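Colleague: Structure here, sequence nowhere to be found:
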């Protein structure tokens, strides 16, 4: 049963990877027009422009999602520290819980993608943020990817350790809420084009699907 679930998540990951690549290509070629600040161009200009007009920049949502991004980083660091502690205690890299090792690999990929999309900007923000003089790259939404990957990975890892009991159900509700609030908040902040959010969801969905497929329940439920 667990093997079938892993295979299913692997297939989902492959499908999402294909969609992510296709969508990213389409963003660069479909209806590309200079509708952004400073004459910056954006793909899917019709739908992006229409939505941007309806959802102007919102400082409250922007700051809230920034704070949730910091929370995601703290949770990632917690698991990273747990991995280091396991390595020191068990004296072997291969004895570190697989779920933590795969999580680490996922975040390396996430970090590399962040660097690539920052250096090769496909879209720029629909607004110049307060205090900024130069537009920042905005595709895909890094906060969307961070939220889905971190909170999603924490959800999967803790299910391995806690089972499907009451404690896990509470944590599941919290993690899902954090994902929804971060993604919706980033959209409502007006700091991204609509396609930036979609791209972020597709890419992070790919990563978390592969994580779910490859991570396994540890023999020792103690995280350290």
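Modeller: Done, it's in. Predicted model only: the values in this text are computed from it and were never measured.

Colleague: which strands and helices sit next to the helix or strand hosting residue 14?
Modeller: Per DSSP states H and E, residue 14 falls inside helix 2-29. Helices and strands touching helix 2-29, as assessed by 3 or more C-beta pairs under 8 Å, 6 or more residues apart in numbering; DSSP states H and E, comprise helix 194-214. For every residue, glycine as well, the C-beta is placed using N, CA and C.

Colleague: Okay, angle between the helix it packs on and helix 2-29 too, please.
Modeller: Orientation check (axes from the mean of the first three to the mean of the last three C-alpha atoms, to 10 degrees): helix 194-214 against helix 2-29 gives 160 degrees.

Colleague: quick one: pLDDT of the residue nearest the centre of the chain?
Modeller: Central residue of the chain (C-alpha atoms, centre = their mean): residue 145, 1.6 Å from the mean position. What the model reports as pLDDT for residue 145 is 96.

Colleague: Test my guess that it contacts residue 204.
Modeller: Yes. Using C-beta atoms under 8 Å, residue 145 and residue 204 qualify as a contacting pair, with a distance of 4.1 Å.

Colleague: shared neighbours of those two, which are they?
Modeller: residue 110 (C-beta atoms under 8 Å, 6 or more residues apart in numbering).

Colleague: What distance do you get for the residue lying closest to residue 41 once chain neighbours are set aside to residue 9?
Modeller: Residue nearest to residue 41 in three dimensions, not counting chain neighbours: residue 34, with 4.7 Å by C-beta to C-beta, 6 or more residues apart in numbering. Plainly put, residue 34 is 40 Å away from residue 9 if you go by C-beta to C-beta, to the nearest Å.

Colleague: who's more crowded, those two?
Modeller: Legend: neighbour count by other C-beta atoms under 10 Å for residue 34 and residue 9, higher for residue 9 (19 against 11).

Colleague: Tell me the confidence at the more buried one?
Modeller: At residue 9, the pLDDT recorded in the model is 91.

Colleague: Let me see the ranges of the helices in the protein.
Modeller: Ranges of helices in the chain, per DSSP state H, are 2-29, 45-54, 59-90, 98-119, 142-162, 166-188, 194-214.
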